[in-house]
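A.B. asks: got a structure for you, letters missing:
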Ligand SMILES: Nc1nc2c(ncn2[C@@H]2O[C@H](COP(=O)(O)OP(=O)(O)OP(=O)(O)O)[C@@H](O)[C@H]2O)c(=O)[nH]1
Ligand SMILES: [Mg+2]
């Protein structure tokens, strides 16, 4: 959507395992801050950041990685123009979680959604558990932009967002109420129909 | 929220006041649900044994009374929910799966017909539509929407009509626990998920699922005034809009909630430890209220809550006690927060309310500004004051902080109260003394830095607001700005401010600016105030070094003295140019020092503004030859003056300047032509000299000479005599040639060109242009007999002949050649003259023969034409009028077309009337046949 200032507003969502560094990346990007002790996100946090050069205003949803809040995620990635999937390069498990997120987005997300894969905590290369090659190959296969980032030492953080901002599809004309929200399904799912079946 | 830094402040605000409402007396039953009517005047209580009660709430400023209005038994089970339907004067009670529609006063009523097993119900914001969730089948739930209409007067007042206007089934095996309107849509909640339903079409979508062990309550909390709803999961509240999209960061409750209510800008969350009040937008906790006696929930106990639609009341009920939470007016909250020094919260609240148009918000900003100022948080204070409009707060209200500087405006200070939270403003030193402890107050460094902070903040603020609409005492404000900037050594800003349009009173700032050595701004102020001579005298002082501008500058190293001097000069010159602001007399007065300080600027001034010429010239004659020259040039070539004396003077001054620049060493040497011509022709040679000064010197010489030459050539106004007198005998030969030519002394001119300068090309050109054929002979004669016992210049003479010989009379050439001309040298020329004569004769004879042949051809044509005959018979007709020619006179065109003489006369004689051929353009050739006549 285009607002009066000529800025394109774009919904962006961060997904990934708990502790991967989603909040840290956002905080670094939006406020230039980093905290060694960053509280685990509850629910989701909302921040905005304007990138004047790209004429983009990102509306950023920093989701909670805790498994308990997994079910909230669709609310946040629904209608998103871009997603950053974050894993922790020192944690193999977080990489598999990231792959699961990619799968979920491919299945249920907006098909035009731009995706970037961020291998965070690149400053901890000594305890690396996921090789760069492996992640890059995976990203390549799935059409994701790939970066190894460090929110702590501010490596490639801005690049992730700038790259997404520049690749955002530009609406040529203000589109009539582009459905960023929910389209309520016309019919109730067919589950009631099965009742007659003998199993 | 998730920002670990800003969580420090403990909630110390009273957003809600706790007031006991009623105590349930029944021995065997407990309160099962509560509700409020839309404007908070009636309290409905349902109990576990099916009792339904209505209480009237009457409140005054000081106390609140709750009086039982009616009580009725509506069923045997617990009342599970109550909805007030103001539009229908009804209240709906959910009991044992049945919805009872009761009169809001008497509680008389009947069940909603035809529907059982209702698990949840909700009412829309207008209080007219009721949504009811029930079970349709084992695998589906059904949601029905009713409009409830009050019974007509004729019918019993007990009956109400309920019209079902929408119905939707949803595949869901669990019971709907909570239904809430979200605009035209509904949000439903089961133990497993939240759903958004469009009742009109029956379409729905899952908003999100809940973990199986999600603790109670999972509920939808309507925030109807914002068209939002909050969905609760664990300790998290997710606020969504009518599209089901989240609108803000999730709210996190301090402890797991037992029940939640939304009221105004706040969310009340009753947890095991008391009631927490959260700011809905920001998520911060603003108040915490422990439970009063009797309300403290025992483990596992339910707490129920309700909010009035107008958000003026929340009720909370335990088993027996019902308490009311009355919101404190936001204005009052802001006041309290300010009083408690909770500025951030106060400002946040004022911000929110200002956006919503609350008129008191500005007062809160002003009050906060004063308080922050007195807390020595100067920058914050000024930022806050910027939020106030001038109709409430005027910048001059800050003047008491700087009483000395603003003494002149003391009488204009308004007296305002605002909320009366701050003390009257005192001077900055007094303010500091009052706020600092003894130790700090003795710390001179700290004091200075705080004073600077204050001045910086106030100066920035004033600079921001000074041009705002309705700002009073602009002169005072600008004066204070100047003084503060000077104190702060913000040199560049000070200069810029003083140099742009402002209302500062110079008299009030002069002393301070002088004591700070800020002369440039002072001069700018004087200039701006129309006191040009004062400004000029300051600039003069800076230029001649009797005044020195301070170099202190906050932005690092300021401009050097030299920069400041140059700036002063530039500014002075700029002002002097302004004819409206500086009188001629003043300009003339300043001119001598400007000339002395900067000739370029002086010249710029002379060129830019009209000043009495003669006075200027007198001044320049005695002060600067270079300027005199430049000014004369300006008068003559730019202004095109017609004054002969000025043209003459310019020529003389230019001549003198050029003579002064001629290399001295050569002056005494002989006037060898080689040297002099060198000087003029080899312009590049000068620059090639190693000594740069000599280079520019000769460049300047060339420049002067070319100016002089062009003046001498083009102007007819100068008097030749004096100029020639000045130049005669000097080595400015070209100039002399021009002058001699002008007086008609070609001989002298040619003599210079041919014999002194030796520039034969120029001499020949001169002859061609100015002296005519006689000139050439004169020149030839001069070359052959140069006199001064110089040998004849035969080579040059021959060259002249070679170029011009053809045009000269050979006899006169031969005469002037004389006997001593060596034949060998003269031969080529004479031979050429001879050849040329022969050629001329042959050429003439060829032309004669050609003319003859043309005559012959003409005679042939005539003979051919004479031989043409026409046979005219009886039948022949005129080709134009087609009448028989017969014996009439006729004419034949060269192409044979025949016409009667009458027609021929009326047509063009040389144009064929039939074919249109123009015979004078396209004559007939002999090969063409006559078309319609036979040659006999
Ligand atoms: N060394 C290092 N530590 C990081 C980096 N990014 C984040 N961290 C740390 O990792 C921890 C978790 O970071 P968060 O930003 O809270 O992670 P998250 O993905 O938001 O986690 P949830 O909110 O629980 O989903 C914090 O202690 C951070 O300080 C990084 O680039 N390098
Ligand atoms: Mg986080």
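C.D. replies: Received it, and whenever you're ready, just let me know what you need. None of these values were measured; they are calculated from a predicted model. Ligands and ions are numbered 1, 2, ... in the order given.
A.B. asks: quick one: the strands in chain A?
C.D. replies: With DSSP state E as the criterion, chain A has strands at A:8-16, A:44-51, A:56-63, A:82-88, A:114-120, A:145-148.
A.B. asks: ugh, wrong one, the stretch 551-700 of chain B
C.D. replies: In the stretch 551-700 of chain B, no strands are defined using DSSP state E, counting those that start in this stretch.
A.B. asks: so which residues on chain B come close to ligand 1?
C.D. replies: Nowhere does chain B come near ligand 1, counting by Cβ under 6 Å from any ligand atom. The C-beta positions use only the backbone N, C-alpha and C, and glycine is treated the same way.
A.B. asks: identify the single longest helix in chain B, thanks.
C.D. replies: Longest helix in chain B, counting residues (DSSP state H): helix B:823-866.
A.B. asks: and the helix or strand following that helix, what other elements does it pack with?
C.D. replies: Per DSSP states H and E, the first helix or strand lying C-terminal to helix B:823-866 is strand B:890-892. Judged by 3 or more Cβ pairs under 8 Å, 6 or more residues apart in numbering or on different chains; DSSP states H and E, strand B:890-892 is in contact with strand B:898-900, helix B:901-906.
A.B. asks: would you mark the buried spots in stretch B:439-458?
C.D. replies: Using 16 or more other Cβ atoms under 10 Å in any protein chain shown as the test for burial, stretch B:439-458 gives B:447, B:450, B:451, B:452, B:454, B:455, B:456, B:457, B:458.
A.B. asks: let me know the closest of those residues to residue A:78.
C.D. replies: Ranked by distance to residue A:78 (Cβ to Cβ), the buried residues of stretch B:439-458 are led by residue B:457 at 46.4 Å.
A.B. asks: give me the pLDDT value at the closest residue to that closest one other than its chain neighbours.
C.D. replies: Spatial nearest neighbour of residue B:457, chain neighbours left out: residue B:378 (3.7 Å); criterion: Cβ to Cβ, 6 or more residues apart in numbering or on different chains. At residue B:378, the model reports a pLDDT of 94.
A.B. asks: shouldn't residue B:378 be in contact with residue B:453?
C.D. replies: Yes - assessed by Cβ atoms under 8 Å, residue B:378 is found in contact with residue B:453 at 5.1 Å.
A.B. asks: among the buried residues of stretch B:439-458, which are in helices?
C.D. replies: Reading helices off the buried residues of stretch B:439-458 with DSSP H, I get B:447, B:450, B:451, B:452, B:454, B:455, B:456, B:457, B:458.
A.B. asks: how about JSON lines for those residues, with pLDDT and distance to residue B:627 added?
C.D. replies: Converted to JSON lines, those look like this (pLDDT from 0 to 100; distance: Cβ to Cβ, whole Å):
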{"residue": "B:447", "pLDDT": "91", "distance to residue B:627": "55"}
{"residue": "B:450", "pLDDT": "93", "distance to residue B:627": "55"}
{"residue": "B:451", "pLDDT": "93", "distance to residue B:627": "51"}
{"residue": "B:452", "pLDDT": "93", "distance to residue B:627": "48"}
{"residue": "B:454", "pLDDT": "94", "distance to residue B:627": "52"}
{"residue": "B:455", "pLDDT": "94", "distance to residue B:627": "47"}
{"residue": "B:456", "pLDDT": "94", "distance to residue B:627": "47"}
{"residue": "B:457", "pLDDT": "95", "distance to residue B:627": "51"}
{"residue": "B:458", "pLDDT": "95", "distance to residue B:627": "49"}
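A.B. asks: if we can go back for a sec, out of the helices and strands packed on strand B:890-892, indicate the one that is most buried.
C.D. replies: strand B:898-900 (a mean of 22; mean count of other Cβ atoms under 10 Å in any protein chain shown).
A.B. asks: identify the residues contacting stretch B:59-73?
C.D. replies: B:19, B:21-22, B:42-43, B:50-58, B:102, B:105-108, B:324, B:326 (Cβ atoms under 8 Å, 6 or more residues apart in numbering or on different chains).
A.B. asks: what about it, average pLDDT?
C.D. replies: Mean predicted confidence for stretch B:59-73 is 84.
A.B. asks: list the buried residues in that stretch.
C.D. replies: Residues of stretch B:59-73 classed as buried: B:59, B:64, B:66, B:69, B:70, B:72 (neighbour count, 16+ other Cβ under 10 Å).
A.B. asks: after the host helix or strand of residue B:231, next one along is what?
C.D. replies: Using DSSP H and E, residue B:231 sits in strand B:228-233. In the C-terminal direction, the helix or strand that comes right after strand B:228-233 (DSSP H and E) is strand B:236-240.
A.B. asks: got the angle between that next one and strand B:228-233?
C.D. replies: In terms of direction (axes from the mean of the first three to the mean of the last three Cα atoms, to 10 degrees), strand B:236-240 departs from strand B:228-233 by 150 degrees.
A.B. asks: what's in contact with the helix or strand that strand B:236-240 is followed by?
C.D. replies: As assigned by DSSP H and E, the chain's next helix or strand after strand B:236-240 is strand B:251-252. Outside strand B:251-252, the residues that touch it by Cβ under 8 Å, 6+ apart are A:42-43, B:1, B:230, B:235-239, B:267, B:278, B:280, B:283.
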